[in-house]
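Asks: Sequence unavailable; structure follows:
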Ligand SMILES: [Zn+2]
């Protein structure tokens, strides 16, 4: 077998829309490609060296990062450190690329989701579709925490899938992907849905709908007609030009993108203000109530080894009413000190801590969600993605530089999530009033005004 079309027919589900390291391909495919290269030219499939020289420098062909002189193998070959996590690209590597220009059969009734959008959500979906039809390549959806932004994308995804298009839904975080995957499978029963991230080693089978971490996009090439990027503001996408390029490359030349965020970065907000990026707001939560406005309380956290008088006076009535508390502190290293102070001040309360490196992280969050324990002390790892019903939130040392505007807005968004209002509250507690605290309060007020409150 040596014809290119035969190779594509046989290996299309693996190759289509991907850029893969030659060394990772099945031996049989390597043989097919070698034969085809000997006999003649490949028109659609590109086989290209792992790096190339541009000006004075050498660049990785997979992620387009500059190779540094210090990163060399014992044999003297350069390799790319930027995309190393997805397999090493060296000077001697070969990459195989195939743009995905094929469409799946056109179908109707792609969406099998039985839920219903609120009228605000439905209006928004219609507006997004219309703007794409008018030729927009990228749009930004600024949806407040708890607005149901995933559901909003369902009809949008459905319209691309129905026309035979391929759709990607990427998030910076593995846990978000894991949560999203079964929801999308249930919403699109007749569609092949794939889940790809670092802890999930199954390779792509040309699925029409792909859920993946942003890093995985490094292995895609002109694959998607629509690419949805969740939490576009979140680590590690922000300020990583390598990932930004991966995103550009993963979309088909005429493909479209949707950025989702509850706290869009300044760069995107500026682009929207200057008319370069269509921006849509979803400023109402699914239950129709406003975001809860944080209250700022100034004071010291500690008094010797226990909590200060001021903090004790604030918390005693909350705890007496049986309220459960999610307490954010600026640094994991300080968690034991906070825990000791809480235990000393409120000895009858059950307290726990959780942080990013905690081996019991998942279990502890699940326990707290299930109603165990009254106080959970945490770092910013729980600022997003976690939905807990009926809790109060306290941010301690809220003026600490680790609490950026977006963090504070996300943290404040943890409360008031349930459909029944139980008077959840959020307090920023600190010695000083920081700029970020002011901005966060201002942004929440602004979004509530947009939501008609
Ligand atoms: Zn690279």
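Replies: Yep, that arrived. Being a predicted model, the structure only gives us computed values, none of them experimental. Numbering: from 1, shown residues only.

Asks: contacting residues for the closest residue to residue 288 other than its chain neighbours?
Replies: Distance criterion Cβ to Cβ, 6 or more residues apart in numbering; nearest residue to residue 288, sequence neighbours excluded, is residue 118 at 7.8 Å. (Glycine included, C-beta is placed from N, CA and C.) Going by Cβ atoms under 8 Å, 6 or more residues apart in numbering, residue 118 touches 148, 284, 286, 288.

Asks: Am I right that residue 409 is in contact with residue 264?
Replies: No: the criterion here is Cβ atoms under 8 Å, and residue 409 misses it with residue 264 at 10.4 Å.

Asks: So which of the two has more stuff around it?
Replies: Under the neighbour definition other Cβ atoms under 10 Å, residue 409 and residue 264 were set side by side, and residue 409 has more, 25 against 22.

Asks: Now the more buried one: which helix or strand?
Replies: Following DSSP states H and E, one finds residue 409 within helix 405-412.

Asks: per-domain residue ranges of this structure.
Replies: With domains defined by automatic domain parsing, the chain comprises 4-98, 119-282, 295-450.

Asks: And these: which comes nearest the ion?
Replies: domain 4-98 (3.1 Å; Cβ to the ion).

Asks: Now look at that closest one and say if it contacts the ion.
Replies: Yes: Domain 4-98 lies within reach of the ion by Cβ under 5 Å from the ion, at 60, 62-63, 65, 80, 82-83, 89.

Asks: Strands along the stretch 251-400 of the chain, start to end?
Replies: Along the stretch 251-400 of the chain, counting by DSSP state E, counting those that start in this stretch, strands occupy 251-261, 279-282, 295-298, 302-303, 306-307, 325-328, 351-354, 375-378, 392-396.

Asks: Just the mean pLDDT for the last one, thanks.
Replies: Okay, so that is strand 392-396. Averaging pLDDT along strand 392-396 gives 97.

Asks: Taking helix 405-412 as reference, get the angle to it.
Replies: If you take axes from the mean of the first three to the mean of the last three Cα atoms, to 10 degrees, strand 392-396 sits at 150 degrees to helix 405-412.

Asks: And the contacts of strand 392-396?
Replies: Residues contacting strand 392-396 (Cβ under 8 Å, 6+ apart): 294, 301, 315, 318, 323-330, 338, 403, 408, 411-412, 414-415, 424-430.

Asks: Flag every residue of the chain that's near the ion.
Replies: Of all the residues in the chain, those lying near the ion are 60, 62-63, 65, 80, 82-83, 89, going by Cβ under 5 Å from the ion.

Asks: Return the subset of these lying in strands.
Replies: residue 60 (DSSP state E).

Asks: Would you mind checking the residues of the chain next to the ion for buried ones?
Replies: Taking 16 or more other Cβ atoms under 10 Å as the criterion, what is buried in these is 60, 62-63, 65, 80, 82-83, 89.

Asks: Bridged to the residue nearest the centre of the chain, which residues?
Replies: With distances taken as Cα atoms, centre = their mean, the residue of the chain nearest its centroid is residue 171 (2.8 Å). For residue 171, the beta-bridge partners are residue 213 (DSSP bridges).

Asks: Who are the contact partners of it?
Replies: Residues near residue 171 by Cβ under 8 Å, 6+ apart: 177, 180, 213-214, 229-231.

Asks: now do 10 Å
Replies: 177-180, 197, 211-214, 228-232, 234, 237, 260, 385 (Cβ atoms under 10 Å, 6 or more residues apart in numbering).

Asks: would a markdown table of the buried ones among the residues of the chain next to the ion with pLDDT be doable?
Replies: Formatted as a markdown table, those follow (pLDDT from 0 to 100):
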| residue | pLDDT |
| --- | --- |
| 60 | 96 |
| 62 | 96 |
| 63 | 95 |
| 65 | 94 |
| 80 | 95 |
| 82 | 92 |
| 83 | 93 |
| 89 | 95 |
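
Asks: which helices and strands does the helix or strand hosting residue 38 pack with?
Replies: If you go by DSSP H and E, residue 38 is part of helix 27-39. In terms of contacts (3 or more Cβ pairs under 10 Å, 6 or more residues apart in numbering; DSSP states H and E), helix 27-39 is packed against helix 4-15, strand 46-49, strand 94-98.

Asks: For those, could you give me JSON lines that also reports distance to residue 219, mean pLDDT and mean neighbour count?
Replies: Putting the helices and strands packed on helix 27-39 into JSON lines (distance: least, Cβ to Cβ, whole Å; pLDDT from 0 to 100; neighbours: other Cβ atoms under 10 Å) gives the following:
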{"stretch": "helix 4-15", "distance to residue 219": "11", "mean pLDDT": "92", "mean neighbour count": "16"}
{"stretch": "strand 46-49", "distance to residue 219": "14", "mean pLDDT": "95", "mean neighbour count": "14"}
{"stretch": "strand 94-98", "distance to residue 219": "10", "mean pLDDT": "96", "mean neighbour count": "21"}
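
Asks: For residue 122, find the nearest of those.
Replies: Among the helices and strands packed on helix 27-39, the nearest to residue 122 by Cβ to Cβ is helix 4-15 (34.8 Å).

Asks: can you list contacts of that closest one?
Replies: Contacts for helix 4-15 (Cβ under 10 Å, 6+ apart): 1, 3, 16, 20, 25-26, 28-29, 32-33, 35-36, 39-45, 96-100, 102, 192, 203-207, 221.
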